[in-house]
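> test case, fold it:
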Amino acid sequence: MIFENKLSNYHDAAKMIETDGIEAYHTVSERFGNDIASALLIAHIRRNLGSMDTFPAKEEVVSQTNEILNKHGLVSEQISEEIRLISQNAFIVQRTYAELIISLRHKVLRPGLPIETADFEGDGDQDTRHFAVFEPYGLDPLSCASFYLNSFENEKAWQLRGMATEKFCRGKGLGRLLLESSEKMLRAEFEFGVQLLWCNARIEAVPFYEKMGWQCVSDVFEIEGVGPHRKMVKRLAG
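As a prediction, the model looks like this:
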């Protein structure tokens, strides 16, 4: 419940900033805190300046963001620290909801198919865990992955599905960051007592998973409408 309440408050704040921009800053700061208001406003300004068009964002985006904040008298040490983190491409991995990552899944994994094909069975289950990589307090996921309690060969396991990364972010280490952080958080889920991970990996993604310690345990097989895959497994370290 703490997670749900915190995330709900965060998205309420984000919606206000995205709707009214700078005009909403003081209201959001009073209701949710200056750190959240500052970081959300920076993310909002940067997106409007085209920060999502390239990766990393162009240097002029940071300087233009500073100019806008200065113009409105909103620059502080705390805001400057957020800009420093963003300019250094400091990312966070956090739990999220399926509704926030379905669009990214659809774009990367199901292009040309109805968006409903990116809405997986079990997405809304209480035991399912969704994770995503964000810029500090950013709204749009840059990489995402979901884990479902689903036994593998009669052993209780987490099944990884829907791992996707924005095209312009690939090759920057976000997938590695996402998997490493997700595995760490799953290891902390002591009540489930699960140590095995498995997935149906797309053939082109197999080398990536192998570098992350996963092993192939099947021949190539076809998933209709999606393409060739191999089953892979990994055991969580103690």
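> shaky segments in this protein?
Scanning the chain for pLDDT under 70 picks out the ranges 1-11, 35, 51-57, 75-90, 136-139, 238.
> strands of this structure, residue ranges please.
Per DSSP state E, the chain has strands spanning 92-96, 129-134, 143-149, 157-165, 196-202, 215-216, 221-223, 227-235. These are given in chain order.
> just checking, what packs against the shortest one?
Using 3 or more C-beta pairs under 8 Å, 6 or more residues apart in numbering; DSSP states H and E as the contact criterion, the secondary-structure elements in contact with strand 215-216 are strand 227-235. Glycine gets a C-beta too; all of them are placed from N, C-alpha and C.
> and the contacts of the strand it packs on?
Residues from elsewhere that reach strand 227-235 (C-beta atoms under 8 Å, 6 or more residues apart in numbering): 152, 195-203, 206, 209, 212-223.
> can you convert the strands of the chain into JSON lines and add a column each for mean neighbour count and distance to residue 103?
Shown next, in JSON lines, are those (neighbours: other C-beta atoms under 10 Å; distance: least, C-beta to C-beta, whole Å):
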{"stretch": "strand 92-96", "mean neighbour count": "17", "distance to residue 103": "12"}
{"stretch": "strand 129-134", "mean neighbour count": "22", "distance to residue 103": "11"}
{"stretch": "strand 143-149", "mean neighbour count": "24", "distance to residue 103": "10"}
{"stretch": "strand 157-165", "mean neighbour count": "22", "distance to residue 103": "10"}
{"stretch": "strand 196-202", "mean neighbour count": "20", "distance to residue 103": "19"}
{"stretch": "strand 215-216", "mean neighbour count": "12", "distance to residue 103": "30"}
{"stretch": "strand 221-223", "mean neighbour count": "10", "distance to residue 103": "21"}
{"stretch": "strand 227-235", "mean neighbour count": "16", "distance to residue 103": "21"}
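> which parts of this structure are helices?
2-20, 25-32, 34-48, 59-71, 77-87, 98-109, 174-187, 206-211 (DSSP state H).
> residue 133 is nearest to which of those?
Residue 133 lies closest to helix 174-187 among these, at 5.1 Å (C-beta to C-beta).
> so what are the domain limits for this protein?
2-87, 92-235 (automatic domain parsing).
> on that earlier part again, and among the helices of the chain, the most buried is which?
The highest average neighbour count among the helices of the chain, using mean count of other C-beta atoms under 10 Å, belongs to helix 34-48 at a mean of 22.
> quick one: it to helix 59-71, angle?
Computed with axes from the mean of the first three to the mean of the last three C-alpha atoms, to 10 degrees, the direction of helix 34-48 lies at 130 degrees from that of helix 59-71.
> counting contacts, what elements does helix 34-48 pack onto?
If contacts are counted by 3+ C-beta pairs under 8 Å, 6+ apart, helix 34-48 sits against helix 2-20, helix 25-32, helix 59-71, helix 77-87.
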